[in-house]
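> Sharing a sequence plus its predicted fold:
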Amino acid sequence: VLGIYHMDVWLNTGGPIKRHQIEVLYVRWMAPLIDHQSGMSCARLPKVAFVEDSDCDVFGFLNPGQVIRSMHLIPVFASDRGTTSLRHGKSFARQGGELDDWEAYYVGIFANRDMFMRY
């Protein structure tokens, strides 16, 4: 999640114009790595990476009501840092003036007992 926004919008549906306040999350999407096998039978955590910046859906807005839970992401230190998903340089998607990202992340499925037992 890159940002949480509260917006005042006006809807014109043919009748009187109505003002609504909505909340949205501005997100940078991640996708599972297809060539990585994970699960209990492989004894490996799932692995994800940021969607490449050439994809038109790399960033998006999301209704906060659609968020089920947060997750714990662990950088894959062996894959090092790089710029394959987003060009090198300053970006709103990076924190604290960082110029690159971790290439991949493990999804911590053991964040708490509910995460492991339910999903």
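Sure thing, it's come through. Numbering: from 1, shown residues only.

> quick one: strands adjacent to the biggest strand by length in the chain?
Across the chain, the longest stretch assigned as strand under DSSP state E is strand 18-28. Paired neighbours of strand 18-28 in the sheet (DSSP bridges): strand 3-11 (antiparallel), strand 59-62 (antiparallel).

> And the contacts of the following helix or strand past the shortest one?
Under the assignment DSSP states H and E, the closest C-terminal helix or strand after strand 59-62 is strand 72-75. Under the contact criterion CB atoms under 8 Å, 6 or more residues apart in numbering, strand 72-75 has outside partners L45, V48, W102, A104, Y105, Y106, V107, G108, A111. (Glycine included, C-beta is placed from N, CA and C.)

> And for stretch 21-32?
1-9, 46-51, 57-64, 67, 93, 105.

> Give the helix, strand or coil label for A78.
Following DSSP: H, G, I helix; E, B strand; the rest coil, the label given to A78 is helix.

> and it, how many neighbours?
7 (other CB atoms under 10 Å).

> contacting residues around it?
For A78, the contact set (CB under 8 Å, 6+ apart) is empty.

> Could I have the buried ones of the contacts of stretch 21-32 as ChimeraX selection syntax?
The buried residues among the contacts of stretch 21-32 can be selected in ChimeraX (16 or more other CB atoms under 10 Å) with this line:
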select :46,47,48,49,50,51,58,93,105
